[in-house]
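Provide a 3D model corresponding to the input given below.
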Amino acid sequence: MIIYVDILIIINLIVNYFLLKASEKLLRKKLKFYRTVLSALIGALSSLYIFLPISNIFLDLVFKLILCLIMTAVAFGIPNFKGYIKSVFMLFFVTFLFAGIMMAVFQIFKPSGMYAEKFIVYFNISPIFLVLLTVVFYLILSISIKLFGRIAPYSKRCKINVFYDNKSLTLDALIDTGNSLTDVFGSSEIIIVDKNFVEKFLNGIEKMNNRFRVIPFKSVSGDDLLDGYRMDRAEVLNNNKKIELKSPIIALSKTKIEEDFNAIINPQILD
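Here you go, the predicted model:
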């Protein structure tokens, strides 16, 4: 079969883009468009590897792993080591799932317009038809994630937009009962946030005494106090639902929050 370099790159650019979008869905993250395209382009250019005279499965796996490390860093960034490795694993898993399906199709049906080698797929078919096939694969995965999300009462992650004065900040929050703090002076909801992440956002608020709160809490090491600040309002975005919070309090965590999150919210707030 004659393989055209331009078609090979375009095909793999489209496929890699949707593999990244699928990983984004599974990780419940939000990728920037230009980073996704750049990462997909790197993966597409790497498809030229198919022309190298190498047939060692181990070297193929090493090459794919290195490529996955680079593509993940470009698309998702490296907020912390644990979150980065999790993103790498997810992209690696989705890529091999897709490659496995394509290899199975190639072995079982042996379509005349398809070529598969070294986990790289080449289609000698209409670009429009290819785009439709890739979109269908992505939609099936998206629907599956959606249905799974409805089975569970809450997802693990949600977005929180907090506002005070003319400032706003978006938080990636972990939904966890580990945040059981309550406002002893009222009925305000409390959101635990990473102190380092919100430091710039809170610049100047320390001078506003009417916003400062002291939040008592218990931990395995005993009783302690957290600094807290009252916000004007907050929006919690979870499973396509938006919940408005009036005058919530953000409490500054003294320890690093789990994985790539920068806030913790109690699931009761979502009721």
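
all strands for this structure, in order.
Per DSSP state E, the chain carries strands over the ranges 114-117, 120-123, 157-164, 167-175, 190-194, 212-219, 222-230, 233-238, 241-246, 249-253, 263-265.

Could you export the third one as CSV, CA atoms only?
What follows is strand 157-164 as a C-alpha-only set of coordinates in CSV (Å, rounded to 0.1, in the frame of the first residue of the first chain):
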residue,chain,number,x,y,z
ARG,A,157,-14.6,16.8,41.0
CYS,A,158,-16.5,20.1,40.5
LYS,A,159,-15.7,23.7,39.6
ILE,A,160,-16.2,26.6,42.0
ASN,A,161,-16.2,30.2,41.0
VAL,A,162,-15.7,32.5,43.9
PHE,A,163,-16.3,36.3,43.8
TYR,A,164,-15.5,39.3,46.0
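
about what we covered before: let me have the strands of the chain in a markdown table, adding mean pLDDT as columns.
Listed next are the strands of the chain as a markdown table, based on pLDDT from 0 to 100:
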| stretch | mean pLDDT |
| --- | --- |
| strand 114-117 | 54 |
| strand 120-123 | 54 |
| strand 157-164 | 90 |
| strand 167-175 | 89 |
| strand 190-194 | 90 |
| strand 212-219 | 78 |
| strand 222-230 | 82 |
| strand 233-238 | 90 |
| strand 241-246 | 89 |
| strand 249-253 | 90 |
| strand 263-265 | 89 |
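
Could I get these in JSON lines, plus columns for distance to residue 99 and mean neighbour count?
From N, CA and C alone the C-beta is placed, and that goes for glycine too. As requested, the strands of the chain are exported to JSON lines (distance: least, CB to CB, whole Å; neighbours: other CB atoms under 10 Å):
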{"stretch": "strand 114-117", "distance to residue 99": "8", "mean neighbour count": "16"}
{"stretch": "strand 120-123", "distance to residue 99": "7", "mean neighbour count": "21"}
{"stretch": "strand 157-164", "distance to residue 99": "28", "mean neighbour count": "19"}
{"stretch": "strand 167-175", "distance to residue 99": "30", "mean neighbour count": "20"}
{"stretch": "strand 190-194", "distance to residue 99": "37", "mean neighbour count": "24"}
{"stretch": "strand 212-219", "distance to residue 99": "46", "mean neighbour count": "14"}
{"stretch": "strand 222-230", "distance to residue 99": "48", "mean neighbour count": "15"}
{"stretch": "strand 233-238", "distance to residue 99": "33", "mean neighbour count": "18"}
{"stretch": "strand 241-246", "distance to residue 99": "36", "mean neighbour count": "12"}
{"stretch": "strand 249-253", "distance to residue 99": "41", "mean neighbour count": "24"}
{"stretch": "strand 263-265", "distance to residue 99": "36", "mean neighbour count": "25"}
